[in-house]
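>>> Sharing a model prediction with you, sequence too.
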Amino acid sequence: MMTLTPTHTRDVQIATIGHNTIMVRSRTWERLKFEVEYSRQRGTTANSYLIQGDQIALIDPPGVSFTEIFIEELSKTIDLNRINYIILSHVNPNRLITLKALLEKLPQVTLICSRPGANILKTALKETQSIRCPETLDLGQGHHLQFITVPTPRWPDGLCTYDPATELLYTDKLFGVHICEDSIIDEDWKALDSDRLYYFDCLHAPQAKQVEDALDKLSRFSVKGYAPGHGCLVRHSISRLTYDYRYWCGQQKRQDFKVALLYASAYGNTATLANAIAQGLIQNGVEVESINCELANSNDILQAVETCDGFILGSPTLGGHAPVQIQTALGIILSSGDKTKLAGVFGSYGWSGEAIDLLETKLQDANYRFGFAPIRVRFSPTSDNLEQCYQAGTEFVQALKRNKKIRSPRISATESQINRTEQAVGRIIGSLCVITTQNGNSPKGILTSWVSQASFNPPGLMIAVAEDQNADLMRHTGDKFVLNILSEGRNVRRYFSRHSSLGSHPFSEIPTKTAENGCMILSEALAYLECRVERIMACGDRWLIYAIIEKGEVILTDGVSAIEHRKSAGY
Ligand SMILES: Cc1cc2nc3c(=O)[nH]c(=O)nc-3n(C[C@H](O)[C@H](O)[C@H](O)COP(=O)(O)O)c2cc1C
């Protein structure tokens with residue numbers, strides 16, 4: 001492995017990182033752009049990769065800031081005419097400039113990307129350009145690449161690439177960091193903690209739901225290294241960083257307020273404003289659910305609007321109108337939204353800006369209150385515009401807090417004491433589990449978080465169940481069950497309820513295997529325990545069941561327990 005000495009001008013660093021695999025890192029020690037994600041001013045790297053099997057693929061040429069030096073250094077490393085494929089983990093106007101410069105030198109190359117990426121490329125490049133969206137690509141010599149689509153609101157065309165020959169996963173925007181250094185791998189990974197979190201907050205916190213889906217998809221690969229689009233290669237902290245990503249995603253759901261940030265953006269300007277507003281919200285402790293209306297269906301929008309405390313709607317103006325997806329989102333909000341929710345409006349426009357006017361007037365007419373004055377930005381935002389958006393996010397949070405006080409009815413002293421006690425008890429948290437029992441050939445499942453370890457020797461646990469949970473198959477000494485401890489981000493819980501299910505549903509819909517004690521193990525659980533009921537006590541309105549753990553296993557080694565947080569113990 002080779003590392004070059006740092007300089008303080010932009011350069012391109014070349015290093016072998018695996019069998020037939022070279023990292024080509026375009027580096028800058030300066031703040032690359034004025035977006036909030038670069039505000040720590042530690043520079044960044046734009047990472048490209050060359051995989052050389054019988055055929056050769058280049059992954060992710062950098063953006064326009066590096067076009068010339070990148071092509072120059074790449075030509076010294078390889079005869080450009082030998083490159084057969086360019087893989088694009090996402091496409092943006094910035095990257096298109098370098099791509100076009102490369103295509104002039106190697107018109108024979110085939111571009112590989114996701115389907116949404118291909119749609120952008122088809123409008124931007126010559127008709128004759130070869131563009132493909134395969135699931136796999138065999139470069140020879142074991143480099144049988146597999147592609148995984150990871151769409152998010154910010155990068156709808158996101159694509160990761162797995163190479164089984166090196167067990168490297170090319171993760172683009174996931175697992176990166178904006179730091180420019182000489183070292184190419186994460187040997188000193190503890191020092192990266194705060195920068196990694198900052199990067200996550202800026203890029204991924206507003207799209208935590210989709211990042212969780214991406215983590216699920218990527219978890220099925222055996223990985224020896226993450227090769228991200230920015231920063232160093234992740235070799236030493238793979239499980240730690242995966243865990244952190246899951247934890248940080250989960251943390252978003254635990255905030256007191258949630259804001260739905262709905263937008264569309266044909267050329268990326270409104271999306272940039274949305275990111276800056278999201279930062280203002282996130283840095284003030286609010287969960288943000290970003291919805292790119294071009295990708296979302298009506299149900300996604302409805303659900304986001306119903307479950308949020310406030311919503312912010314952003315639109316470009318195209319041909320004197322808001323795009324049809326924004327008009328649909330507005331229709332959903334107006335017909336089903338709660339009028340006491342706080343609203344916000346923003347958008348980029350060129351000369352007339354009708355879309356922003358439309359959103360403002362329609363929401364005003366429907367008696368919505370605004371958390372900040374509508375933001376109108378001409379074409380691409382300046383750093384001042386982005387600062388204004390960040391401040392608008394902050395303002396929105398303050399308005400949300402004031403709004404909540406207005407909406408909360410006054411309660412009597414005794415009621416408020418009961419509520420305070422309930423809220424305090426509600427702070428006891430538990431791991432979310434599915435208990436499975438077996439009734440002849442019919443499996444049963446109950447969702448619960450009322451579980452805790454009760455003894456070391458013998459290993460035992462305690463579960464509290466209510467009469468109406470219908471948990472009769474675990475209420476006699478000797479009864480067997482499996483405790484499936486759920487994993488954060490997998491959303492297996494949606495198949496079960498607090499009341500016992502009986503029959504093939506939902507077990508026919510999710511992967512399972514049978515434990516030695518005959519009960520079902522949910523293959524997507526984090527871990528499972530095979531248990532035998534030892535003692536039962538009637539306590540208050542519950543049965544306390546003490547059970548001995550006979551066997552257990554962790555299924556997902558890099559997962560984290562799903563936890564149920566409650567605001568009150570009253571439900
Ligand atoms: C095809 C087209 C039509 C446009 N029509 C309008 C218009 O009617 N009024 C206006 O103010 N701007 C118009 N614009 C300018 C866009 O609103 C502006 O470029 C904006 O930054 C786009 O935002 P976006 O990058 O989020 O898509 C138009 C731009 C294009 C490409």
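Now that the structure is in, tell me what you want to look at.
>>> check which helix or strand covers the residue located most distally from the centre of the chain.
Using C-alpha atoms, centre = their mean, the residue of the chain lying farthest from its centre is Thr477. It sits 43.8 Å away. Using DSSP states H and E, Thr477 is not contained in any helix or strand.
>>> That one: what's it in contact with?
533-536 (C-beta atoms under 8 Å, 6 or more residues apart in numbering). Any C-beta I mention is one placed from the backbone N, CA and C, and that applies to glycine too.
>>> Which residue is it, in the stretch 351-500 of the chain, that comes closest to the ligand?
Ser352 (4.0 Å; C-beta to the nearest ligand atom).
>>> I figured that residue hits Thr317, correct?
Yes - at 6.3 Å, Ser352 counts as touching Thr317 under the criterion of C-beta atoms under 8 Å.
>>> out of those two, which sits in the busier spot?
Thr317 (22 against 10; other C-beta atoms under 10 Å).
>>> Contact residues of the stretch 151-300 of the chain facing the ligand?
Taking C-beta under 6 Å from any ligand atom as the contact definition, the stretch 151-300 of the chain meets the ligand at 265-270.
>>> of those residues, closest to Ile17?
Using C-beta to C-beta, Gly268 comes nearest to Ile17 of those, at 30.7 Å.
>>> Please work out how many residues are found near the closest one.
Neighbours of Gly268 (other C-beta under 10 Å): 16.
>>> What pLDDT is listed against the residue most central in space within the chain?
Per C-alpha atoms, centre = their mean, the C-alpha nearest to the average position across the chain is that of Val211, at 1.7 Å. Val211 carries a pLDDT value of 96.
>>> Look up the closest residue to it, ignoring the ones flanking it.
His204 (4.9 Å; C-beta to C-beta, 6 or more residues apart in numbering).
>>> That neighbour: how many residues sit nearby?
24.
>>> Let me know whether it touches Ala214 as I believe.
No - the pair His204 / Ala214 is not scored as a contact, 9.3 Å apart, by C-beta under 8 Å.
>>> and stretch 247-266, how far from the chain's centre?
10 Å (C-alpha atoms, centre = their mean, to the nearest Å).
>>> count of neighbours near Gln453?
10.
>>> Okay, and the beta partners of it?
Beta-bridge pairing of Gln453 under DSSP bridges involves Leu461.
>>> need the contact list for it.
Contacts of Gln453 (C-beta under 8 Å, 6+ apart): 459-462.
>>> would you turn the residues you listed into CSV with distance to the ligand, pLDDT and neighbour count?
Formatted as CSV, these follow (distance: C-beta to the nearest ligand atom, whole Å; pLDDT from 0 to 100; neighbours: other C-beta atoms under 10 Å):
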residue, distance to the ligand, pLDDT, neighbour count
Pro459, 57, 94, 16
Gly460, 58, 96, 17
Leu461, 53, 96, 18
Met462, 55, 96, 16
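>>> rewinding a little: check for me that the residue nearest to the centre of the chain belongs to a helix.
Yes - counting by DSSP: H, G, I helix; E, B strand; the rest coil, Val211 is found in a helix.
>>> Give me the nearest residue to Gln108, chain neighbours excluded.
Here the residue nearest Gln108, using C-beta to C-beta, 6+ apart, is Asn81, at 7.4 Å.
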